[in-house]
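J.: Quick one, structure for this:
(chains A and B)
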There are 2 protein chains.
Amino acid sequence: MNHYDAIRLFAKMLKNLEQWMDKAEAHAKAKTFDVDVLALARLAPDQHSFAGQVQLGCDQAKFAAAYLSGKPAPSHPDTEKTFAELRERIHKCLGFLDTVHEKDLVGSEERKVSPPWLGGNWLRGDDYMVHVALPNFFFHATTAYAILRHNGVDLGKMDYVGSLPVKEG
Amino acid sequence: MNHYDAIRLFAKMLKNLEQWMDKAEAHAKAKTFDVDVLALARLAPDQHSFAGQVQLGCDQAKFAAAYLSGKPAPSHPDTEKTFAELRERIHKCLGFLDTVHEKDLVGSEERKVSPPWLGGNWLRGDDYMVHVALPNFFFHATTAYAILRHNGVDLGKMDYVGSLPVKEG
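T.: Residues are numbered from 1 along each chain as shown, chains lettered A, B, ... in the order given. Purely as a prediction, here's the structure:
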């Protein structure tokens, strides 16, 4: 599994997330409530809302792609409050991920990654992927899923995982 | 990031999970309730409990290590109902993960992985890691975390992520 595979996995999961949002919208319609109530739902009062989980999940994917390829990360301010705005945020993120090609990530394992929150210190590129990007991306994706699930949206494990490249026989 | 790194990441996260359980026990003690109530807590009535999330997270790590190395997976029946029993389950899983060495995973990217639920079909070893093991492992670890967080346990992102191999300067 190289870093390009990981970035494409993030893109796949963000597309799965949009399908969870489709189901949330269907649920809201059936129950006649405003789906944007779910954008502000959270599992604990001091944890991020669904909107925050989507924003942070997108950022984990975006910054991994940017730091590991050396491309500048586009700025995506955290202003979204509605499902429609969150879908736009996901699309902007996916658009950026599509600009990062396999060749841009050659040698990224040894690239020095020095995000602002490390205060001048750094991680090996591969350590950034393993210890920061993967756990944090899945944290936010799964928490977004959990918020919808907790609020009665009809989601199951196959919605989470999405399609698998199964080979026959 | 090779498959050995991924298995070690699972081991690291399972050790982090034990520290979340330490905090859950401290919380239960402070609030004078039985911590094993949390073993049966869940975010939705048709989703697995905390105990189920720990069992399934362990299994994702165990089966990834087994399928990708060719070693037989030890049987770990899902009988745990208490924090003490869940800790034992985690230790059994960690013990098995420790028997899988980097050399056992050489060439695992192209190994045919054919778990029973694929009904005779298969996945390339690397596709199994990317599309099944990583998303599902983190699903269960994060949902376990979310259940504790939702029940008031004082957890934060650094408890989730654990230690980072930061390099100075």
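J.: CA atoms for contacts and neighbours, from now on please.
T.: Will do.
J.: Off-centre distance for the helix or strand harbouring A:Ala65?
T.: Assigned by DSSP states H and E, A:Ala65 belongs to helix A:50-69. Centroid displacement of helix A:50-69 relative to its chain, using C-alpha atoms, centre = their mean, to the nearest Å, is 6 Å.
J.: hmm, that helix touching chain B?
T.: No: against chain B, helix A:50-69 shows no contacts by C-alpha under 8 Å from any C-alpha of the partner chain, the least distance being 12.2 Å.
J.: following that helix, which helix or strand comes up?
T.: Counting by DSSP H and E, the element after helix A:50-69 in chain order, helix or strand, is helix A:83-98.
J.: Go through that following helix and flag the buried ones.
T.: Buried positions in helix A:83-98, judged by neighbour count with 16 or more other C-alpha atoms under 10 Å in any protein chain shown: A:83, A:86-87, A:89-94, A:96-97.
J.: now the residue nearest the centre of chain A: how far from chain B?
T.: When C-alpha atoms, centre = their mean is applied to chain A, the residue found nearest the centroid is A:Gly57 (3.2 Å). Distance check for A:Gly57 against chain B: by C-alpha to the nearest C-alpha, to the nearest Å, it reads 13 Å.
J.: The closest residue to A:Ala51 other than its chain neighbours and A:Pro45, how far apart?
T.: Nearest residue to A:Ala51, sequence neighbours excluded (C-alpha to C-alpha, 6 or more residues apart in numbering or on different chains): A:Ala39, at 5.0 Å. Separation of A:Ala39 from A:Pro45 (C-alpha to C-alpha, to the nearest Å): 14 Å.
J.: go on, A:Ala26?
T.: Counting by C-alpha to C-alpha, the separation of A:Ala26 from A:Pro45 is 26 Å.
J.: So for the two, which sits in the more crowded spot?
T.: Using other C-alpha atoms under 10 Å in any protein chain shown, the more surrounded residue of A:Ala26 and A:Pro45 is A:Ala26, with 15 against 11.
J.: helix or strand for that one, which one?
T.: Using DSSP H and E, A:Ala26 sits within helix A:3-30.
J.: Which strands and helices lie in contact with that helix?
T.: helix A:50-69, helix A:83-98, helix A:134-150, helix A:157-161 (3 or more C-alpha pairs under 8 Å, 6 or more residues apart in numbering or on different chains; DSSP states H and E).
J.: and chain A, which of its residues are near chain B?
T.: Where chain A comes near chain B, counting by C-alpha under 8 Å from any C-alpha, the residues are A:1-3, A:5-6, A:9, A:43-44, A:109, A:120-123, A:126-127, A:129-132, A:135-136, A:138-139, A:142-143, A:146, A:149-152, A:161, A:164-169.
J.: which strands and helices sit next to the helix or strand that the helix holding A:Ala26 is followed by?
T.: With elements assigned by DSSP H and E, the helix or strand that comes after helix A:3-30 is helix A:36-39. In terms of contacts (3+ C-alpha pairs under 8 Å, 6+ apart), helix A:36-39 is packed against helix A:50-69.
J.: how big is the angle separating the helix it packs on from helix A:83-98?
T.: 10 degrees (axes from the mean of the first three to the mean of the last three C-alpha atoms, to 10 degrees).
J.: Just the CA atoms of helix A:50-69, as PDB, please.
T.: Extracted in PDB, the C-alpha atoms of helix A:50-69 (Å, rounded to 0.1, in the frame of the first residue of the first chain):
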ATOM      1  CA  PHE A  50     -21.200  16.200  12.100                       C
ATOM      2  CA  ALA A  51     -20.200  19.400  10.100                       C
ATOM      3  CA  GLY A  52     -17.000  19.500  12.000                       C
ATOM      4  CA  GLN A  53     -16.200  15.800  11.500                       C
ATOM      5  CA  VAL A  54     -16.800  16.300   7.700                       C
ATOM      6  CA  GLN A  55     -14.500  19.400   7.700                       C
ATOM      7  CA  LEU A  56     -11.800  17.700   9.700                       C
ATOM      8  CA  GLY A  57     -12.000  14.500   7.700                       C
ATOM      9  CA  CYS A  58     -11.600  16.500   4.400                       C
ATOM     10  CA  ASP A  59      -8.700  18.400   6.000                       C
ATOM     11  CA  GLN A  60      -6.900  15.200   7.000                       C
ATOM     12  CA  ALA A  61      -7.100  13.900   3.400                       C
ATOM     13  CA  LYS A  62      -6.200  17.300   1.900                       C
ATOM     14  CA  PHE A  63      -3.200  17.900   4.100                       C
ATOM     15  CA  ALA A  64      -1.900  14.300   3.700                       C
ATOM     16  CA  ALA A  65      -2.100  14.800  -0.100                       C
ATOM     17  CA  ALA A  66      -0.500  18.200   0.100                       C
ATOM     18  CA  TYR A  67       2.300  17.500   2.600                       C
ATOM     19  CA  LEU A  68       3.300  14.200   1.000                       C
ATOM     20  CA  SER A  69       3.300  15.500  -2.600                       C
END
